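predicted model, plus sequence, below.
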Amino acid sequence: MGRTRRSSEALHHEARRHIAALRAFHTGLVAESHKHLHVLATFTRHVDVLREEQRHVRDKLASVEACCSELANLRRLRQPWRETYEDLRRSVLRARALFRRIVKASSGKRTRA
């Protein structure tokens, strides 16, 4: 057998590390999502101005210009969110694989005894 088996303690230690990373990326993703929500809330105010029939054309132009600015903000926020999402996804997949190994190893011990 070319691979050495890691102890259950080592596997659990590695699992704790993956859980800590997963939690950190989750927190980061929540923070990035709040930034998106803030920009979208600002965007909503401008869209509401555009929808109001009685608003002057100059007000609507200013709102459309502000919408363009908010779209640029969303574009800038897209990449950090995507990167944090990918980090979170990798952490979840690694944790799942590790926990599957732990469960498999522990169930194998029960059947041998």
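Cool, got the structure.

what helix or strand is residue 12 located in?
helix 8-51 (DSSP states H and E).

give me the residues contacting stretch 42-61.
For stretch 42-61, contacts defined as CB atoms under 8 Å, 6 or more residues apart in numbering pick out 62, 63, 64, 66, 67, 70, 71, 74. For glycine as for every other residue, the C-beta is placed from the backbone atoms N, C-alpha and C.

who are the contact partners of residue 71?
Contact analysis of residue 71 by CB under 8 Å, 6+ apart lists residue 43.

picking up where we left off before, can you flag the buried ones in the contacts of stretch 42-61?
By neighbour count, with 16 or more other CB atoms under 10 Å, the contacts of stretch 42-61 hold 63, 66, 67, 70 as buried.

quick check: closest non-adjacent residue to the last one.
With sequence-adjacent residues excluded and distances taken as CB to CB, 6 or more residues apart in numbering, residue 70 is closest to residue 43, at 4.4 Å.

any idea how far residue 43 is from residue 11?
47 Å (CB to CB, to the nearest Å).

distance between the lowest-mean-pLDDT helix or strand in the chain and the chain's centre?
When each helix and strand of the chain is scored by mean pLDDT, DSSP states H and E, helix 57-112 comes last, with a mean of 89. Offset of helix 57-112 from its chain centre (CA atoms, centre = their mean, to the nearest Å): 3 Å.
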